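Asker: sequence and predicted model, in that order:
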Protein chains: 2
Amino acid sequence: MRIASQANHLAPISGILAGDNVQNTPSASAERSLRTFSAKEHVFFEGDDRDSIYEVVDGVVCVYKVTSDGRRQVISFCYPGSLLGFGHADRYLYSAEVLSPATLRPYSAGALEKIVAERPDLAHSLMSFVMAELAAARDQLLTLGRKSASEKIASFLLELSRQNEEMSKDPETLQLPMTRSDIADYLGLTIETVSRNFTKLKTSGIIDLHQNTTVVICDMDRLEETASCDEERF
Amino acid sequence: MRIASQANHLAPISGILAGDNVQNTPSASAERSLRTFSAKEHVFFEGDDRDSIYEVVDGVVCVYKVTSDGRRQVISFCYPGSLLGFGHADRYLYSAEVLSPATLRPYSAGALEKIVAERPDLAHSLMSFVMAELAAARDQLLTLGRKSASEKIASFLLELSRQNEEMSKDPETLQLPMTRSDIADYLGLTIETVSRNFTKLKTSGIIDLHQNTTVVICDMDRLEETASCDEERF
DNA sequence: CACACATTGTAACAAAGTGTCACACAATTC
DNA sequence: GAATTGTGTGACACTTTGTTACAATGTGTG
């Protein structure tokens, strides 16, 4: 679940690739046509030939990996500014599924490599993007490996809240484009456990739920306490 | 737990930074003095000012993050060729503790940035290194989020085996420089669960244990089946 | 627009895998 | 040789999962 720039506060990657800097780069000209996807549509599957890299322009995309018997682990939720498939070799290393109607900008892999060769400043920004992704993945390793279900849910909501703040949105009103099942697969839990913990937070007065897809944070301090891995207080 | 080059089969990073390519780079000259560390010694702690980046030349280093109440999640075990602290901003994002007597090569962060600016080929190799780390972290997200204890232990042993193969060592005889506690913190388990699963694998004839720090894989097929998330067979 | 169906979410109860606690033994360090 | 650390095992507890049932919401069709 990432906005590009989280670690280093650089401009969203769309500013890097689609802004003035790139539009004037000849190699990119054929790659700036947008594609729209419906909810539930897959952009690509893990193992497919990696022919394009996609930038999320609008909407939310969920990227996930699957075990051989079909268990799904969501790796992250990708908001505008994220790149899908960047850094993959010949084949995609994960699958990407659209959660809400989305607009993506595809780049052919070869074209992006040419851009990077021509523009060292873009290479630097892409490196920053990948490092931010790595830092986020490592934070999530700590969450998955050591946090309880309550701590996971609270951390998840706080992450969405911080993201809203970075995008100048209300940090206390969170839109959830993903289902309980998506959240469960992101946090290494089951649907029932996610639902029980949402109910627990609601019953405790820490959050309020509007139509199951909007979370209003009523008590940010207690939510932070719940996430913080100290003594639980509700 | 990483050898550099896992995703893209490039030369280990030490070939990139310490080999012919770099020795001829003026900026690097002050950074090539080696430092040795004893087992259990910390290279740095999470939150410390990020003044150096270290390359592991010999030995094994464990990098980890900690929750506010002291729960530890090992992020990876770093073998020769790994870089510690690369991609961190002003402060270290994790702690690094030496598991076996180790030799590290420190680089000042500023010096490395200068090298990268002067040598686009090195920037490309560092990008590959970071992408390999990201791919590995994502694989571990799947392991932590969705695999059972048995599957985790089996996957861990297979990872060490693959690593041995990449380093032209015996893939069926694994040296474990880390304790059961380190393995537990890497896999999101407790010491007891790790110990019970080692015993299970041993009792089933899949592995053999010599002095608790050497694992001999007796039945690679069954170990792969155990890790593979299909029906368990022992 | 109403209805049927599919999907998603929640609640209650049972089961199980892992954690916790305690202890014994082995290996390492001082 | 004593102290410390690491490992393995057993018994019990508990958090989460699994199952079943039902409620709520969203979507498609006539």
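Answerer: Thanks, I have it.
Asker: need the strands for chain A, in chain order.
Answerer: For chain A, the strands defined by DSSP state E occupy A:35-37, A:42-44, A:52-58, A:61-66, A:72-78, A:83-84, A:95-98, A:102-108, A:173-175, A:207-210, A:214-217.
Asker: for A:S195, give its distance to DNA strand C.
Answerer: Per CB to the nearest atom of the strand, to the nearest Å, A:S195 is found 3 Å from DNA strand C. Where you see a C-beta, it was placed from the backbone N, CA and C, and this is true even at glycine.
Asker: nearest spatial neighbour of that residue, skipping sequence neighbours?
Answerer: A:R180 (5.6 Å; CB to CB, 6 or more residues apart in numbering or on different chains).
Asker: what about the one you found, neighbour count?
Answerer: Other residues within reach of A:R180, judged by other CB atoms under 10 Å in any protein chain shown, total 17.
Asker: wouldn't it be in contact with A:T193 here?
Answerer: No. With contact defined as CB atoms under 8 Å, A:R180 does not reach A:T193; the gap is 9.5 Å.
Asker: how much space separates A:Y54 from chain B?
Answerer: Plainly put, A:Y54 is 17 Å away from chain B if you go by CB to the nearest CB, to the nearest Å.
Asker: give the contact list for that residue.
Answerer: Residues near A:Y54 by CB atoms under 8 Å, 6 or more residues apart in numbering or on different chains: A:35, A:43, A:83-85, A:96, A:104-107.
Asker: again, 10 Å this time
Answerer: A:35, A:37, A:43-44, A:61, A:78, A:82-86, A:96, A:102, A:104-107 (CB atoms under 10 Å, 6 or more residues apart in numbering or on different chains).
Asker: of these, grab the buried ones for ChimeraX.
Answerer: The ChimeraX selection below is limited to those of these classed as buried (16 or more other CB atoms under 10 Å in any protein chain shown):
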select /A:37,43,44,61,78,82,83,84,85,86,96,102,104,105,106,107
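Asker: out of all of them, which helix in chain A is the longest?
Answerer: helix A:120-146 (DSSP state H).
Asker: mind listing what's buried along that helix?
Answerer: Quick answer for helix A:120-146 (16+ other CB under 10 Å): A:122-146.
Asker: give me the domain ranges for chain A.
Answerer: A:13-143, A:147-227 (automatic domain parsing).
Asker: is DNA strand D contacted by the last one?
Answerer: Yes. Part of domain A:147-227 sits close enough to DNA strand D to count as contact by CB under 7 Å from any atom of the strand, namely A:148-150, A:188-190, A:192-193, A:196, A:211-213.
Asker: about what we covered before: go through the strands of chain A and name the closest to DNA strand C.
Answerer: strand A:207-210 (5.8 Å; CB to the nearest atom of the strand).
Asker: who touches that closest one?
Answerer: A:153-154, A:157, A:172-174, A:176, A:198-202, A:214-220, A:222-223.
Asker: buried subset of those, written for PyMOL?
Answerer: To isolate the buried members of the contacts of strand A:207-210 in PyMOL, using 16+ other CB under 10 Å:
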select buried, chain A and resi 153+154+157+172+174+176+198+200+201+215+217+219+222+223
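Asker: ranking helices and strands of chain A by mean pLDDT, which lands last?
Answerer: In chain A, no helix or strand scores lower on mean pLDDT, DSSP states H and E than helix A:20-23, which sits at a mean of 44.
Asker: please report the distance of the residue of chain A found nearest DNA strand D from B:R91.
Answerer: Per CB to the nearest atom of the strand, the residue of chain A with the smallest distance to DNA strand D is A:T193, at 2.9 Å. Applying CB to CB, to the nearest Å, the value for A:T193 to B:R91 is 34 Å.
Asker: more neighbours: which of the two?
Answerer: A:T193 (18 against 14).
Asker: what about stretch A:105-123, near chain B?
Answerer: Yes. Counting by CB under 10 Å from any CB of the partner chain, chain B is contacted by stretch A:105-123 at A:113, A:116-117, A:120, A:123.
Asker: run a quick neighbour tally on the nearest residue to A:T193 once chain neighbours are set aside.
Answerer: Once flanking residues are discounted, A:T193 sits nearest to A:A149: 5.2 Å by CB to CB, 6+ apart. Using other CB under 10 Å, the number of residues around A:A149 comes to 17.
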